[in-house]
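Undergrad: Kindly return the folded structure for what I paste below:
(2 chains)
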Amino acid sequence: AQSVTQLGSHVSVSEGALVLLRCNYSSSVPPYLFWYVQYPNQGLQLLLKYTSAATLVKGINGFEAEFKKSETSFHLTKPSAHMSDAAEYFCAVSFSGNTPLVFGKGTRLSVIA
Amino acid sequence: DAGVIQSPRHEVTEMGQEVTLRCKPISGHDYLFWYRQTMMRGLELLIYFNNNVPIDDSGMPEDRFSAKMPNASFSTLKIQPSEPRDSAVYFCASGSGRLNTGELFFGEGSRLTVL
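TA: The predicted structure is shown next:
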């Protein structure tokens, strides 16, 4: 079955350190890939998306993600974490046609001062 | 635009009571989704509509759950009777165009607690 997996339900980094949140998918066809962010007591909002153009995608707030077909991955990175980055991050995939997104279980990012 | 509007933001009810959650999508969007978020199961798609027509309700947990979209600007998710295991945050989201390339816009959620 096609699925999306986020490795690590909780990641903790120091302020100023690299942020790396992992996402892998299983699919026999190239998917469309998304990262969403959820701040406490709020809905999800789009960070960035990959739709078969450039494999390196830049999003809001300094985040970027790279689509690696050989590794079936779409990891999210940010060079320097800020306290305001503390939130829950969701990787989402759409595998084919006009089908709804499938969300990963989320990774909670904590940023330590 | 005001974004996706959900009500109520918080609902506390007793087991057996009827619960109705409401959603107003962004004007012009032709897709509407209902998701449920829990710690154990993450974000689950319950049902989605296209042009007010239910397309896939396979995520609805059981017959106690029902959803309607009487017009393009309003949808409801009803639970009758409610049970403690229904406690969760319920999100409504809307979007337009192709689902696999378009952005979903989420409301702030309705936090349901069933005692």
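Undergrad: I'd like to know how many residues surround residue B:84.
TA: 10 (other C-beta atoms under 10 Å in any protein chain shown). All C-beta atoms are positioned from the backbone trio N, CA, C, and that covers glycine.
Undergrad: Is it correct that it is in contact with residue B:112?
TA: No: using C-beta atoms under 8 Å as the test, residue B:84 is too far from residue B:112 to be in contact (10.4 Å).
Undergrad: excluding its backbone neighbours, what's nearest residue A:21?
TA: In this structure, residue A:21 finds its nearest non-sequential neighbour in residue A:76, 4.3 Å apart by C-beta to C-beta, 6 or more residues apart in numbering or on different chains.
Undergrad: Can you name the secondary structure element that comes next after whatever helix or strand the one you found lives in?
TA: Here residue A:76, judged by DSSP states H and E, is contained in strand A:73-78. The helix or strand immediately downstream of strand A:73-78 is strand A:87-94, counting by DSSP H and E.
Undergrad: List the contacts of that next one.
TA: A:2, A:4, A:6, A:21, A:23, A:25, A:27, A:31-40, A:44, A:47, A:74, A:76, A:100-104, A:106-109, B:43, B:99-101 (C-beta atoms under 8 Å, 6 or more residues apart in numbering or on different chains).
Undergrad: Of those residues, keep whichever come out buried.
TA: Buried members of the contacts of strand A:87-94, scored by 16 or more other C-beta atoms under 10 Å in any protein chain shown, are A:4, A:6, A:21, A:23, A:25, A:31-38, A:44, A:47, A:74, A:76, A:100-104, A:106-107, A:109, B:43, B:99-100.
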